[in-house]
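Trainee: no sequence for this one, just the structure:
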């Protein structure tokens, strides 16, 4: 039981946030360009089948212009 708890603790510690620039979500807002032409970009979302509404990609494209 103690070994399983140790493995779980190490696994959870490895899932911690990355605070280094360029490696985690905390660095993303500083590197975003608010004037970027997103109409020339493509967004890919990987998700479980049936997890989001089927019309969501079309609605997103209609709202943002990004496929």
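Mentor: Right, received. Where do you want to start? This structure is a prediction, so every number in the text was calculated from the model and none was measured.
Trainee: Can you classify residue 7 by secondary structure?
Mentor: Using DSSP: H, G, I helix; E, B strand; the rest coil, the structure places residue 7 in helix.
Trainee: got it, and residue 61?
Mentor: Here residue 61 is recorded as helix under three-state DSSP.
Trainee: now do residue 12
Mentor: helix.
Trainee: Around it, count how many other residues there are.
Mentor: 9 (other C-beta atoms under 10 Å). For the C-beta atoms, the positions are set from N, CA and C on the backbone; glycine is no exception.
Trainee: which ones are touching it?
Mentor: Not one residue lies near residue 12 by C-beta atoms under 8 Å, 6 or more residues apart in numbering.
Trainee: if I look at it, how far off is residue 3?
Mentor: 15 Å (C-beta to C-beta, to the nearest Å).
Trainee: Residue 42 too?
Mentor: Noted for residue 42: a distance of 46 Å to residue 3, by C-beta to C-beta.
Trainee: Kindly report the same for residue 46.
Mentor: Counting by C-beta to C-beta, the gap from residue 46 to residue 3 is 34 Å.
Trainee: In terms of neighbours, single out the busier of those two.
Mentor: Between residue 46 and residue 3, counting by other C-beta under 10 Å, residue 3 is the more crowded of the two (7 against 4).
Trainee: Now do the SS call for the more buried one.
Mentor: Per three-state DSSP, residue 3 ends up helix.
Trainee: per-residue confidence for it?
Mentor: Residue 3 carries a pLDDT score of 80 in this model.
Trainee: likewise residue 55?
Mentor: pLDDT at residue 55 comes out at 92.
Trainee: got it, and residue 44?
Mentor: You'll see residue 44 listed with a pLDDT of 84.
Trainee: What is the neighbour count of it?
Mentor: Residue 44: 5 neighbours (other C-beta under 10 Å).
Trainee: So it versus residue 59, what's the distance?
Mentor: 16 Å.
Trainee: Check residue 52 too.
Mentor: Distance, residue 52 to residue 59, by C-beta to C-beta: 10 Å.
Trainee: so where do the helices sit in this protein?
Mentor: Secondary structure of the chain (DSSP state H): helices at 2-14, 28-31, 56-64.
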